[in-house]
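Asks: Can you look at this prediction? I've put the sequence above it.
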Amino acid sequence: MYIEVGCRVHHAMYVPLYANKKSVVVSCSVCNSSYYPDGFPSIPSGILREAEKTPFRWTSFIGSGMMGLLALISFILMIIGQFESSDRRLEDISNVSTGKIIFYELDNGNKTCMYVTDTSGDTLYVRQNMKAVKQGKVSLIDEPKNYSEEVTIFSRKKVEQLSNEGKVSDICTSTTAGVFNPELFE
């Protein structure tokens, strides 16, 4: 006769996640049967208490460790991506040229865009889009008829400030560039 300590291990797709419910059993090596220790009053209770203090095997927590590690790596990559995205946007602002479109958020929460018709040093000459969307893609309103005829002056610092406030969502080449500046495509 010998004393065994077992536990229930919960799995997900054959990967052990965690262990709980430790139980002590008395096993017979001759008949391969297991019994609860209550049926053997001759076993000292101190031995049973010591057996219950046996720690869980580390292999019972492989899945939990892998899931925790995956969550940590995902979180780190998300944070790195946020920094790279904001750095790329600031770099894009410093390189804004004619034919680019700047998607941004208005004070009322609506989203719109402005078309860069010309640049001169720190100054951007833009045509404001007269339409705005609450939800959905702002690129759907990027049409020549939606832009005002009047040119507005913006500084790169103002656009940078909007970007730092999280209001500039993207800077890209406009589909309307050929209408406003055909020489860009010659």
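Replies: Noted; the coordinates are in hand.

Asks: where does this protein have its least confident helix or strand?
Replies: Lowest on mean pLDDT, DSSP states H and E among the helices and strands of the chain sits helix 177-180, with a mean of 64.

Asks: tell me which element the residue nearest the centre of the chain falls in.
Replies: Centroid-nearest residue in the chain: residue 78, 4.5 Å away (criterion: CA atoms, centre = their mean). Using DSSP states H and E, residue 78 falls within helix 62-94.

Asks: For that helix, which helices and strands make contact with it?
Replies: strand 15-27, helix 156-164, strand 168-173 (3 or more CB pairs under 8 Å, 6 or more residues apart in numbering; DSSP states H and E). (C-beta placed from N, C-alpha, C; glycine too.)

Asks: other SSEs contacting the shortest one?
Replies: Counting contacts by 3+ CB pairs under 8 Å, 6+ apart, the secondary-structure elements packed against strand 168-173 are helix 62-94, strand 100-105.

Asks: Which of those comes out lowest on mean pLDDT?
Replies: When those are compared on mean pLDDT, helix 62-94 scores lowest, with a mean of 81.

Asks: Only the buried residues of that helix, if you could.
Replies: 63-64, 89, 92-93 (16 or more other CB atoms under 10 Å).
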